[in-house]
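*Asks:* Pasted the sequence and its predicted model underneath.
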Amino acid sequence: MNKVKKHEFVLSQLSDCKDFADQLFNWYPKKNCFAFSGEMGAGKTTIINSLLQHLGINDFQGSPTFAIVQTYCLPSNENCYHIDAYRLNNKEEAMAIGFDEIMGEEAYFFIEWPEKIKSFLPDNTIWVYIRENESNKRMIHIEQ
């Protein structure tokens, strides 16, 4: 039986995202699938932008809400994916845009609204739960 890894992080303000990116890649230094779960406006896209910057991506295209998948080329010439599954309604729509193939790659994946494509995610997906508390701090709970 595998032991579940858990981590906690508090973002006092969204400008602390760089510190979070540094810590996340310290905890998980290899390519992984990161699933970001949180309410609309919780900071998912902003946090993912910081993670991409940490990996050397300086031409952030914003959340791929309409495109659904944004592919970035890392300085190492490897692909990295930012996926926003918000507009997907079912498994068939995900299949139609090739999620099964994309998720078969060895790459970094940063996924917003992952609950909509949960059946495509690898078993070792790292779940990043973002909740805003009453003092506008983001409470981040990470579980693998």
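*Replies:* Thanks, I have it.
*Asks:* partner residues bridging the residue nearest the centre of the chain?
*Replies:* In the chain, the centroid-proximal residue (C-alpha atoms, centre = their mean) is F110; its distance is 2.7 Å. Counting by DSSP bridges, F110 is bridged to F34, H82.
*Asks:* who's in contact with it?
*Replies:* 34, 36, 48, 51-52, 80-83 (C-beta atoms under 8 Å, 6 or more residues apart in numbering). (Glycine included, C-beta is placed from N, CA and C.)
*Asks:* For this structure, give me the ranges with low pLDDT.
*Replies:* 1-3 (pLDDT under 70).
*Asks:* which one is Q23 nearest to, not counting chain neighbours?
*Replies:* F9 (6.1 Å; C-beta to C-beta, 6 or more residues apart in numbering).
*Asks:* and that neighbour, what does it touch?
*Replies:* F9 is in contact with 20, 23-24, 140, 142, counting by C-beta under 8 Å, 6+ apart.
*Asks:* redo that, cut-off 10 Å
*Replies:* Shown in contact with F9 (C-beta atoms under 10 Å, 6 or more residues apart in numbering): 16, 19-20, 23-24, 27, 128, 130, 138-142.
*Asks:* Assign it to helix, strand or coil.
*Replies:* Secondary structure, DSSP: H, G, I helix; E, B strand; the rest coil: F9 is strand.
*Asks:* and it, how far is that from V128?
*Replies:* 9 Å (C-beta to C-beta, to the nearest Å).
*Asks:* For these two, list the residues in contact with both.
*Replies:* 20, 24, 140-142.
*Asks:* In helices, which of these appear?
*Replies:* 20, 24 (DSSP state H).
*Asks:* From the shared contacts of F9 and V128, pick the one nearest M95.
*Replies:* Proximity of the shared contacts of F9 and V128 to M95 (C-beta to C-beta) peaks at I142, which lies at 28.6 Å.
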